[in-house]
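Q: Next one to model:
(2 chains)
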Amino acid sequence: MAEQNTTGNPEQGAHGGAQGAGPGYDPQKIEAKWQKRWADARVFESEVDPSKPKYYVLEMLPYPSGTLHMGHMRNYTIGDVVARVKRMRGFNVLHPMGWDAFGLPAENAAIQNNTHPRTWTNKNIAEFQRVLRRFGFSYDWRREISTCEPEYYRWNQWFFLCMLERGLAYRKKSRVNWCPKCCTVLANEQVINGGYCWRHEDTLVESREIEQWFLKTTAYADQLLDDLKQLEGGWPERVILMQRNWIGKSQGARVKFAVADVAGAEPIEVFTTRIDTIYGATAVILAPAHPLVSKLLDGSPVRGEAEPKLAKMGQASVKTEDLATMEKEGFFTGRYAVNPFSGGKIPIWVGNFVLMEYGTGAIMAVPAHDERDLEFCRKYGLPVRVVVEPKEVESSKSKVKGEKKVAGAARSGQEVADEAFTDYGISVNSGPYSGMESETAIAKMTAFAEQKGFGRAETIFRLKDWGISRQRYWGTPIPVVYCAKDGIVAVPDSDLPVILPNDVKLTGEGGSPLAATPEFVNTTCPKCGGPARRETDTMDTFVDSSWYFYRYCDPHNDKAPYDSAKAAYWFPIDQYIGGITHAILHLLYSRFWCKVMRDLGLITHNEPAARLFTQGMVQKGGVAMSKSRGNVVGAEEMAQKYGADTGRLYTLFAAPPEKDLEWSEESIEGSWRFLNRVYRLVDRHSAALRGVKAGVGKIEAPPSKTEGGAPGAAKERTLLRKTHQILRRVTQDFETRWHFNSAIALIMELTNEIYGQEPLEEGVRPEIRKEVLELLTLMLAPMTPHLAEELWEMLGHKEGQWTVAWPSFSEELARDDEVEVVVQISGRVRGKLKVPAGTGEEEIVKRAQAEPGIEHHLSGKRIVKRIFVPDKLVNLVVA
RNA sequence: GCCCGGGUGGCGGAAUGGCAGACGCUGAGGACUUAAAAUCCUCCGGGGAUUUUUCCUCAUGUGGGUUCGACUCCCACCCCGGGCACCA
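A: I've put the predicted structure just below:
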């Protein structure tokens, strides 16, 4: 075994080396040792403590399926570094972990393997937990939650009832997205790539109509939008933007068009953001599903030919992918509408591009100023009437474009050429509004419509209410019963939780498994005591993850979801970390839930997370790691081969945290080598330094040149200077910018410097050697905590490193006494000068001019200007 | 189509408007070794001049601009990645 002392073969650590007790770096042994010490000392357990500043750092909770791979570990490593740095900085850190344990894969796996979703889930949780512990993440495991436990989901039910009581939860029949593979309803957000299931990317989503439970997210649309402002600076701009687009606020007006020549006909309401273009409306177009369509066709002269067309549209594909490119189709209803402004009669059409779900399901077509309308009207020969003209043609660029548009735009409202002019401009051909700027016209015309009672200003949102019903087993039962006498009855609080029965047949064949379980379905009405049926839908799992981080504050509370006082201490989350994939769904629902809880009086803040960080993916072969692609690098495998610290270091070093990272087996070897290098360095010196009384912060001033007359005084100064300079920069990288990769580069640089000064015993006093090596281990502590602890102990410390604060650097020691000043001639580097720090401009210029390599650049020329940056650069501009 | 990111050596990536390529990987050479592994040291963007030392020059997607000085700021364009997309 002796010859293996310095082995760098990672396999040795895992196998032979571990039992050998040789002095080499043995991560298996070291990591187990320190994980136990931390657990015994309860280092990561935290409680409410108003005397200390708090810091809540959280990584998005995982869905426990498949294997934990390095993609997961990157996320947790970033969070762990932040948690450990903040802890070293004196914060009371809350850093919890839990399991998003409900969901379809468990149910599918159970069907496939003939087991129970709970068995499958708990097995995975045990597995995940073991691997996370193996990586030494600083979680307070006492706070672990699992969303499939009744202790947790009971509060989903409780929140649901609160919302039901307040009208925020309601039931309605609605057209839904149905995935034939999941056999369940999907939220809009779960339909991806223009019509495919988010879990089964090859499965086209169908459209069905079912009774569903909804949560009224739209009641908070304005707040969800407005409060995004509070997140600016703390959340990535693009996430804010994606949410803003998703909410899709649109300000405009609702305008009624009366139907001509039909006695008692209901007027058609349209929504428009451009009421100023109404004089240019040449048709009113209804969505095929609009309820007025059949009434208009009733008795219409064209009824015969129109009805088959309507029927055909009704069964058109639901692929939203096609929607964008689909040919616009439509037909005339035989009826006319009256333009409330001009009094003119325009035809009423039905068009497949008009969406029933958006606005009023009807539009006015203004072909001259809307591209879609233009396309439609062209196709069917409807007239195009120009009512807005560009303001003065300012630039040559817009002239080119403008020419095209304005060319045919004769004032008469004849056919215009080519493109619709959709910008704001000046109204023309618009009765009394002609000559007004678009903004003015919009305001005046909206006011007029309001005054006359045929319209009003209106704001609409793209955001829809959140459909939470799932016809599946493995989720939170929705706590209501249906009674023949009393209708929909809420399960009283005292009867919560409505327990998800264990004994259920899972077949995977359509419909809800709960509905086929009579023991669950048949119950009594809480109101009248008569027979009743339970709701058999379960909740979308996004409900679970919408508030789980509050439960971490108070995970065992059986009287309330959490104690408000505890939440008030810990919230908002100071740093939330997760993938960009959750930029809309999870984060929007969480924000909604927060606002509901605030209105319930549970909390007082508006937003759950002050800062959000979206880390990049870990890829292999250019694509994200996933089990289905078969390109995962297993976390446990890494821990066995190199140890957790190497795995952690590599994911931090290989790329900045926000960027995607391409996994490289060769590069991780580099991280492994580096840790070995550090280990050997400290190991070599530890015996001599163990008893030395000195260490961090004890050295405050640089040793003077003459100190002890030692020839190594310069060496000591160099070492101390480098160490403190790097400590300063590493501190910045951790605190202000999360540049973990460059922090590691700096620590490597320091290690190289120390190696370069070996043997340190020659000329460097023990207390200085000790200070330098201690700072090195402390800088590594947040990233490779096990190794750092081990080295700290090797240097003679009885108390764990967790008791030590982040070191502060000494400006005095970091100061350069000699600097290299760059000499530029007319902006080009021509030389460098070594001068004492703080040398003045005159002196530098004098020396620069005397420099041999520089002379010839100056000869025969006149210096017309000079720029001087102290201790950095001098630039002589010559003519 | 609209809105965000991003283009730097063979590769991953560094650079408050001030020496482009830190640090690592790969590769080459050397030391140690009987040998290999490991370790330690040196070199490693292109072109040119100089027999060494060294010097010049081009170079951060392309083209302009601002500046004493631009990877960094401004304008236009090209390419790659992502999001949204008949939203009236």
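
Q: pretty sure residue A:346 is in a strand, no?
A: Yes: Residue A:346: assigned to a strand according to DSSP: H, G, I helix; E, B strand; the rest coil.

Q: got the contact list for it?
A: Contacts for residue A:346 were tallied using CB atoms under 8 Å, 6 or more residues apart in numbering; they are A:281, A:282, A:283, A:284, A:336, A:337, A:338, A:339. For glycine as for every other residue, the C-beta is placed from the backbone atoms N, C-alpha and C.

Q: if we go to 7 Å?
A: Residues in contact with residue A:346 (CB atoms under 7 Å, 6 or more residues apart in numbering) are A:281, A:282, A:283, A:284, A:336, A:337, A:339.

Q: Which residues does it form beta bridges with?
A: Taking DSSP bridges, one finds residue A:337 as the beta-bridge partners of residue A:346.

Q: hmm, back to that, between the contacts of residue A:346, which is nearest RNA strand B?
A: residue A:281 (9.7 Å; CB to the nearest atom of the strand).

Q: Around RNA strand B, pick out the residues from the stretch 651-800 of chain A.
A: Residues of the stretch 651-800 of chain A lying close to RNA strand B (CB under 7 Å from any atom of the strand) are A:653-656, A:659-662, A:664, A:666-667, A:669-671, A:673-674, A:676-677, A:680, A:739, A:741-742, A:744-745, A:748-749, A:752, A:755-756.

Q: Could you tell me how many residues sit around the closest residue to RNA strand B within the stretch 101-250 of chain A?
A: With CB to the nearest atom of the strand as the measure, residue A:238 is the residue of the stretch 101-250 of chain A nearest to RNA strand B, at 3.3 Å. Neighbours of residue A:238 under the rule other CB atoms under 10 Å: 11.

Q: Which members of the residues of the stretch 651-800 of chain A next to RNA strand B are classed as buried?
A: Neighbour-count burial (16 or more other CB atoms under 10 Å) is assigned, among these, to A:653-655, A:661, A:671, A:674, A:676-677, A:680, A:739, A:741, A:744-745, A:748.

Q: Enumerate every residue touching residue A:818.
A: Counting by CB under 7 Å, 6+ apart, residue A:818 makes contact with A:834, A:836, A:837.

Q: Tell me what it is bridged to.
A: When bridges are called by DSSP bridges, residue A:818 pairs up with residue A:836.

Q: wait, is the residue of the stretch 101-250 of chain A closest to RNA strand B part of a strand?
A: No: remark: residue A:238 does not belong to a strand; assigned using three-state DSSP, it is helix.

Q: Could you identify the helix or strand that succeeds whichever strand or helix holds residue A:831?
A: Taking DSSP states H and E as the definition, residue A:831 sits inside strand A:828-836. Sequence-wise, the next helix or strand downstream of strand A:828-836 (DSSP H and E) is helix A:841-850.

Q: tell me the mean pLDDT for whatever helix or strand residue A:489 lives in?
A: Following DSSP H and E, the helix or strand that holds residue A:489 is strand A:487-490. Mean per-residue pLDDT for strand A:487-490: 95.

Q: and the next element down the chain from the helix or strand of chain A with the lowest mean pLDDT?
A: The weakest-scoring helix or strand in chain A, judged by mean pLDDT, DSSP states H and E, is helix A:16-20 (a mean of 30). Proceeding N to C from helix A:16-20, the next assigned helix or strand is helix A:27-41, under DSSP H and E.

Q: Mind checking which of the residues of the stretch 651-800 of chain A next to RNA strand B are in helices?
A: A:653, A:666-667, A:669-671, A:673-674, A:676-677, A:680, A:741-742, A:744-745, A:748-749, A:752, A:755-756 (DSSP state H).

Q: contacting residues around the one helix or strand residue A:596 maps to?
A: Per DSSP H and E: residue A:596 is located in helix A:585-599. The contact list for helix A:585-599 (CB under 7 Å, 6+ apart) reads A:163, A:168, A:189, A:217, A:220, A:223-224, A:239, A:243, A:246, A:466, A:542, A:545-547, A:603-608.

Q: and the residues you listed, which are buried?
A: Neighbour-count burial (16+ other CB under 10 Å) is assigned, among these, to A:163, A:168, A:189, A:217, A:220, A:223-224, A:239, A:243, A:246, A:466, A:542, A:545-547, A:603, A:607-608.

Q: In helices, which of those residues fall?
A: Counting by DSSP H, the buried ones among the contacts of helix A:585-599 place A:163, A:223, A:224, A:239, A:243, A:246, A:542 in helices.

Q: Grab the two from the residues you listed that are most spread out in space.
A: Maximum pairwise distance in those, criterion CB to CB, is 25.6 Å, between A:163 and A:239.

Q: Okay, now the unreliable bits of the stretch 501-650 of chain A?
A: Within the stretch 501-650 of chain A, the stretches with pLDDT under 70 are A:508-511.

Q: what residues does it put near RNA strand B?
A: Counting by CB under 7 Å from any atom of the strand, the stretch 501-650 of chain A sits next to RNA strand B at A:580, A:584.

Q: 10 Å instead?
A: A:580, A:581, A:583, A:584, A:585, A:616, A:617, A:619, A:622, A:623, A:624, A:650 (CB under 10 Å from any atom of the strand).

Q: Buried subset of the residues you listed as a PyMOL selection?
A: To isolate the buried subset of those in PyMOL, counting by 16+ other CB under 10 Å, use the following:
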select buried, chain A and resi 583+584+585+616+617+619+624+650
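
Q: Put together TSV for the residues of the stretch 501-650 of chain A next to RNA strand B, with secondary structure on each row.
A: Formatted as TSV, those follow (three-state DSSP):
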residue	secondary structure
A:580	helix
A:581	helix
A:583	coil
A:584	coil
A:585	helix
A:616	coil
A:617	coil
A:619	strand
A:622	coil
A:623	strand
A:624	strand
A:650	helix
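
Q: give me every residue that touches the closest residue to RNA strand B within the stretch 401-550 of chain A.
A: When you check the stretch 401-550 of chain A against RNA strand B by CB to the nearest atom of the strand, the closest residue turns out to be residue A:462, at 3.8 Å. By CB under 7 Å, 6+ apart, the contact list for residue A:462 reads A:246, A:247, A:248.

Q: and RNA strand B, which of those contact it?
A: A:246, A:248.

Q: Find the nearest non-adjacent residue to residue A:760, please.
A: residue A:769 (5.1 Å; CB to CB, 6 or more residues apart in numbering).

Q: Can you show me the CA trace of stretch A:214-225 as CSV?
A: Extracted in CSV, the C-alpha atoms of stretch A:214-225 (Å, rounded to 0.1, in the frame of the first residue of the first chain):
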residue,chain,number,x,y,z
PHE,A,214,-60.6,26.1,-11.6
LEU,A,215,-58.7,28.5,-9.5
LYS,A,216,-59.3,32.1,-10.3
THR,A,217,-55.8,33.2,-11.2
THR,A,218,-57.3,35.9,-13.4
ALA,A,219,-58.6,37.6,-10.2
TYR,A,220,-55.0,38.5,-9.6
ALA,A,221,-53.9,39.2,-13.1
ASP,A,222,-53.3,42.9,-12.5
GLN,A,223,-51.3,42.2,-9.3
LEU,A,224,-49.3,39.4,-10.9
LEU,A,225,-48.4,41.8,-13.7
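
Q: So what touches that stretch?
A: Residues from elsewhere that reach stretch A:214-225 (CB under 7 Å, 6+ apart): A:163, A:168-170, A:172, A:244, A:247, A:249, A:461, A:463-468, A:588, A:591-592, A:595.

Q: Poorly predicted segments of the stretch 701-850 of chain A, please.
A: Flagging of the stretch 701-850 of chain A using pLDDT under 70 yields the residue ranges A:701-712.
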